[in-house]
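# Provided below for reference: sequence and predicted model.
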Amino acid sequence: MGKLTIDDLKKIKEKTTRDTFLRDGQATVKVTVHMGTCGIAAGAREVMSTLLEEMAEADHQDILVFTAGCLGKCSSEPNVTVEIMDGEPIVYQHMDADKMRQVFKHHVLLGEVQTDFALAKM
């Protein structure tokens, strides 16, 4: 590994600050990707990667991302739960990269529930 430059250190500091801010719970949206064995087998890793790409692109500081185990609805995996402050949690089913992008852009950023993919309100 080469020497770190001042710019490298600034980028590391910015990323750490963002990550710490999110961990402190100063968020208005929580997105949980259910990554139990069944979820991973059904494609939850791709869904998580897509979510992280969308988050990096949107650069919102008020969104928390978590992983969790299976919901007990293995036949509907991969599942993603979106919780917006003061709203009911919505579980999305049979998620893939395209559906995750749509849910992120419409529900997470704009608050518009995507009923075509919704499994249930929790």
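Yes, it's here.

# just checking, residue 35 touches residue 68?
Yes - between residue 35 and residue 68 there is a contact under C-beta atoms under 8 Å: 7.1 Å. Any C-beta I mention is one placed from the backbone N, CA and C, and that applies to glycine too.

# who's more crowded, the two?
Neighbour count, other C-beta atoms under 10 Å: between residue 35 and residue 68, residue 35 has more, with 20 against 13.

# where's the more buried one relative to residue 9, distance?
With the distance defined as C-beta to C-beta, to the nearest Å, residue 35 ends up 32 Å from residue 9.

# With residue 99 instead?
38 Å.

# Looking at those two, which one has more neighbours?
The residue with more neighbours, out of residue 99 and residue 9, is residue 99; 19 against 10, by other C-beta under 10 Å.

# which secondary structure element contains that one?
helix 97-103 (DSSP states H and E).

# Let me see the mean pLDDT of that helix.
Helix 97-103 carries an average pLDDT of 97.

# residues in contact with stretch 45-57?
Here stretch 45-57 makes contact (C-beta atoms under 8 Å, 6 or more residues apart in numbering) with 31, 33, 35, 63, 65, 67, 78, 80, 95-97, 100-101, 104-105.

# Give me the below-cutoff pLDDT ranges for this protein.
Applying pLDDT under 70 to the chain flags residues 1, 16-26, 120-122.

# And the strands in it?
Counting by DSSP state E, the chain has these strands, from start to end: 29-34, 63-68, 80-84, 90-92, 118-121.
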